[in-house]
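Okay, predicted coordinates and the sequence, questions at the end:
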Amino acid sequence: MIEMQDVFMTYPNGVVALNGISVKIEQGEFVYIVGHSGAGKSTFTKLMFREEVPMKGTITVNNKDVSKLKWKDVPYFRRSIGVVYQDFRLLPKLTVYENIAFALEVIEESPKNIRARVMKVLDQVGLKNKARFIPDELSGGEQQRVAIARAIVNRPSILIADEPTGNLDPDTSWEIMRILEEINASGTTIIMATHSKEIVDTVRKRVIAMEDGTIVRDEHRGEYGYEV
Ligand SMILES: Nc1ncnc2c1ncn2[C@@H]1O[C@H](COP(=O)(O)OP(=O)(O)OP(=O)(O)O)[C@@H](O)[C@H]1O
């Protein structure tokens, strides 16, 4: 579960990105975060995996007070949260297999377990046959599928996707949505910031709308609600 109470976040340059956020997201939910550029969507998600720390307020993720985590405990905490970005962020010189295995090697898995787990997530995203490719040899949609595989290989309870379809054409975007829905069906919470009215209005889920650093709407099976 994720819970925020009265969260305020100001960047060092004085920009107030979040202006009093309170919200509760239960385990297994699928939540879209929508709103205009600069509304605070990315900042909202960054607080959940301790990429940023709030000035004020409390953030509890899986019963841990995230702001109070010691630095040495942050890497362990982050294993419970997978993150996917619009621009994929794969390591360009490593193969698909290595990009995913890297996330596991960090936690000292045995080579046999690494192989089994990497191949399992590659199968989940339909890319078993591309294990030896490097990112440049893949389409954008395939690169995003690798990024998703990497994000879920540690079996996180939460997957944060910050505009995961922002760089993809409509057909490829639907493929990514199908994969995210499958991951959600297995119990993983999905938090997806998006500008896609088409996706939000078609694949109906909870919608949290943000404006100027506050939540202005929170609806189950909601609509995108903005003109595009
Ligand atoms: N690292 C930073 N330093 C200073 N200001 C920042 C930083 N990151 C974001 N901001 C500012 O904080 C506000 C919220 O930004 P944020 O990235 O959370 O919005 P967003 O809703 O995700 O926007 P977009 O849809 O364009 O990704 C904006 O005014 C932005 O300029």
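Received the coordinates, thanks. Residues are numbered from 1 along each chain as shown.

Now do the same contact list for the residue minimising distance to the centre of the chain.
In the chain, the residue lying closest to the centroid (Cα atoms, centre = their mean) is residue 160, at 1.5 Å. Listed by Cβ atoms under 8 Å, 6 or more residues apart in numbering, the contact partners of residue 160 are 45, 48-49, 81-84, 191-192. From N, CA and C alone the C-beta is placed, and that goes for glycine too.

now residue 166
Residues touching residue 166, when contacts are defined by Cβ under 8 Å, 6+ apart, comprise 86, 194-195.

How is this structure divided into domains?
The chain is divided into the following domains under automatic domain parsing: 1-80+157-228, 90-155.

ranges for the helices of this structure?
Using DSSP state H, the helices of the chain run over 41-48, 74-78, 96-105, 111-124, 140-152, 170-185, 197-202.

How far off centre is the shortest one?
Spelled out, it's helix 74-78. Centroid separation between helix 74-78 and its chain, computed with Cα atoms, centre = their mean, to the nearest Å, is 15 Å.

Write out the residues of the chain neighbouring the ligand.
By the criterion of Cβ under 6 Å from any ligand atom, the positions of the chain lying close to the ligand are 11, 13, 15, 17, 35, 37-43.

quick one: which of these sit in strands?
residue 17 (DSSP state E).

Report the two of the residues of the chain next to the ligand separated the most.
For the residues of the chain next to the ligand, the maximum inter-member distance is 20.7 Å, found between 13 and 35 (Cβ to Cβ).

how close does residue 97 get to the ligand?
Distance of residue 97 to the ligand, computed by Cβ to the nearest ligand atom, to the nearest Å: 31 Å.

if I read this right, that residue contacts residue 130, doesn't it?
No: the pair residue 97 / residue 130 is not scored as a contact, 9.0 Å apart, by Cβ atoms under 8 Å.

residues contacting the residue lying closest to residue 2 once chain neighbours are set aside?
Taking Cβ to Cβ, 6 or more residues apart in numbering as the measure, residue 2 lies nearest to residue 25, with 4.3 Å between them; neighbours along the chain are not counted. Under the criterion of Cβ under 8 Å, 6+ apart, the neighbours of residue 25 are 1-3, 31, 189, 191.

can we see that at 10 Å?
For residue 25, the contacting residues are 1-4, 31, 48, 61, 158, 189-191, 206, 208, by Cβ atoms under 10 Å, 6 or more residues apart in numbering.

Please list only the buried members of the residues you listed.
Among those, those classed as buried by neighbour count (16 or more other Cβ atoms under 10 Å) are 2, 4, 31, 48, 61, 158, 189-191, 206, 208.

re earlier: turn the contacts of residue 25 into CSV, including pLDDT.
Conversion of the contacts of residue 25 to CSV gives the following (pLDDT from 0 to 100):
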residue, pLDDT
1, 95
2, 97
3, 98
4, 98
31, 98
48, 96
61, 97
158, 98
189, 98
190, 98
191, 98
206, 98
208, 98
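
Which ones among these lie within strands?
When strands are assigned by DSSP E, the members of the contacts of residue 25 inside them are 2-4, 31, 61, 158, 189-191, 206, 208.

any chance of those residues in CSV, plus distance to residue 101?
As requested, the ones in strands among the contacts of residue 25 are arranged in CSV below (distance: Cβ to Cβ, whole Å):
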residue, distance to residue 101
2, 28
3, 34
4, 34
31, 30
61, 26
158, 22
189, 25
190, 24
191, 26
206, 34
208, 34
